[in-house]
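Trainee: no sequence for this one, just the structure:
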Ligand SMILES: CC(C)(COP(=O)(O)OP(=O)(O)OC[C@H]1O[C@@H](n2cnc3c(N)ncnc32)[C@H](O)[C@@H]1OP(=O)(O)O)[C@@H](O)C(=O)NCCC(=O)NCCS
């Protein structure tokens, strides 16, 4: 398994790199203002990044290859945004980011997890289903650019599934 990455809390100085990843991964990306709000101005928000340490001849360069923003609101863990650099997908990074969110949620006494996902987003829906989420409802025309239904998924009780 690919394991040359580490998951660490994001810091405000990472906003530029996270914004670039966000814009590369979503048709309606979060703006810098939203990202900054989640990174610094929201008491419920948690932000993780997956870092890869690339070795050159002289030094080791850390690169952000994925991130996950989630909220812990009392008993509820709410997955807000998750993205992995296209060239780094299918290596367990998305799974690792969400698993770390579960771990932090459980540590803070969250008992269930919820999320919304575009109906057409097969990779994300498969990932979440494999991790233990089930569809609970659908919101018609929830997303724009393009207009699309949201699928609401829940895991109750929240638990960490064994390896992917
Ligand atoms: C969804 C996303 C975060 C998944 O990240 P990832 O690092 O590639 O996911 P993982 O490698 O951890 O995948 C774990 C499992 O999820 C499933 N999965 C992930 N991507 C899949 C795909 N393209 N097709 C089928 N199954 C997929 C597989 O079961 C996979 O396990 P396997 O590789 O052993 O078969 C990534 O595709 C992404 O950034 N997409 C664009 C942004 C996005 O849609 N975010 C989600 C918004 S709700």
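Mentor: Structure received. Remember, predicted model here, so these are calculated numbers, not experimental data.
Trainee: mind listing the strands for this protein?
Mentor: Along the chain, the segments classed as strands by DSSP state E run 5-9, 45-55, 60-73, 76-84, 112-118, 134-143, 148-155.
Trainee: hmm, the second one touching the ligand?
Mentor: Translated: strand 45-55. No: using Cβ under 6 Å from any ligand atom, no contact is recorded between strand 45-55 and the ligand, whose separation bottoms out at 8.2 Å. Just so you know, the C-beta spots here come from the backbone N, C-alpha and C atoms, and that holds for glycine as well.
Trainee: Same list (the strands of the chain) but as CSV, adding mean pLDDT and mean neighbour count.
Mentor: Output for the strands of the chain, formatted as CSV (pLDDT from 0 to 100; neighbours: other Cβ atoms under 10 Å):
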stretch, mean pLDDT, mean neighbour count
strand 5-9, 96, 16
strand 45-55, 93, 18
strand 60-73, 94, 19
strand 76-84, 98, 22
strand 112-118, 98, 20
strand 134-143, 97, 12
strand 148-155, 98, 19
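Trainee: tell me which parts of this structure are close to the ligand?
Mentor: Close to the ligand, as judged by Cβ under 6 Å from any ligand atom, the chain has residues 25, 82-84, 89-95, 117, 121, 123-124, 126-127, 130, 164.
Trainee: Which elements pack onto the helix ranked longest in the chain?
Mentor: Criterion DSSP state H: the longest helix present in the chain is helix 93-107. Secondary-structure packing of helix 93-107 (3 or more Cβ pairs under 8 Å, 6 or more residues apart in numbering; DSSP states H and E): strand 5-9, strand 45-55, strand 60-73, strand 76-84, helix 122-131.
Trainee: buried ones in that helix?
Mentor: 93-102, 104-106 (16 or more other Cβ atoms under 10 Å).
Trainee: pLDDT added to those residues, as CSV?
Mentor: Formatted as CSV, those follow (pLDDT from 0 to 100):
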residue, pLDDT
93, 97
94, 98
95, 97
96, 97
97, 98
98, 98
99, 97
100, 98
101, 98
102, 98
104, 98
105, 98
106, 98
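Trainee: nearest to residue 39, of the strands of the chain?
Mentor: strand 45-55 (5.6 Å; Cβ to Cβ).
Trainee: Can you list the strands that the closest one pairs with?
Mentor: Partner strands for strand 45-55, per DSSP bridges, with pairing direction: strand 5-9 (antiparallel), strand 60-73 (antiparallel).
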